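K.L.:
sequence first, predicted coordinates after that:
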Amino acid sequence: MFAISLGDDGAELRPLEPHHAEEYLAHIDRGRDFIGQFIMLAEVSKDLEAARAFLQGYADKAAADTGRVYGIWSKGTLVGGVLFRTFDARLGTAEAGCWLEESAVGRGLVTRAVRVLIDWAVDERGIERVEWLAASGNTASINVAKRLGMSRDGVLRSNYPYRGVRQDTEVWSVLAPEWRAARLAREER
């Protein structure tokens, strides 16, 4: 098992696997209202069986090389996660995403964790384009895309029904050359 440090605050990025289902469900239960504002994750993981099925689905995606999910632990407690919802090494595209419980907001955990994922995808797997989709009202997620140096490609109007309301989805992306250039600029500072 590996853990990647996300900085001096003791936060770590680790694979989030089916055997974490109880811990994952406890995390979702703590943050259910906050997490569920814009994404269906809280609704998908209503009980232990559903939580385990969600994590098993991503274990299956990892085995098929079509997606991955990682947890963010802070001081030993699961507080959020990042994922590749889709991953296609043949086409060189992936869609990254995230969630976080409210107690962990504002510490840069998601930005640092997604940087690790994109570094790996671009450097190790040859991914050319990483996308980030967010409901137009999800300013926290859109701000992560901005901090990652992504460009706003456009808005998919009224494309996503959520809790009885049609949502607009913003599409953000970063291309491999842009990612490498931005990383080099950060390292030179």
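P.N.:
Nice, I can see it. Residues are numbered from 1 along each chain as shown.
K.L.:
list of residues touching the helix or strand encompassing residue 23?
P.N.:
Element membership for residue 23, per DSSP states H and E: helix 21-35. Residues lying outside helix 21-35 but in contact with it, judged by CB atoms under 8 Å, 6 or more residues apart in numbering, are 16, 41-42, 45, 47-48, 51-52, 54-55, 71, 77-80, 99-103. From N, CA and C alone the C-beta is placed, and that goes for glycine too.
K.L.:
likewise stretch 5-19?
P.N.:
The list of residues contacting stretch 5-19 from outside it, by CB under 8 Å, 6+ apart, reads 1-4, 24, 52, 55-56, 58-59, 68-75, 78, 81-82, 107-109, 112-113, 116.
K.L.:
and for stretch 163-171?
P.N.:
Outside stretch 163-171, the residues that touch it by CB under 8 Å, 6+ apart are 38, 131-137, 142, 145, 152-161.
K.L.:
buried among these? Make that a ChimeraX selection.
P.N.:
For the buried members of the contacts of stretch 163-171, the matching ChimeraX selection, counting by 16 or more other CB atoms under 10 Å, is:
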select :38,131,132,133,134,135,142,145
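K.L.:
pLDDT weak spots in this protein?
P.N.:
The chain contains residues with pLDDT under 70 at 1.
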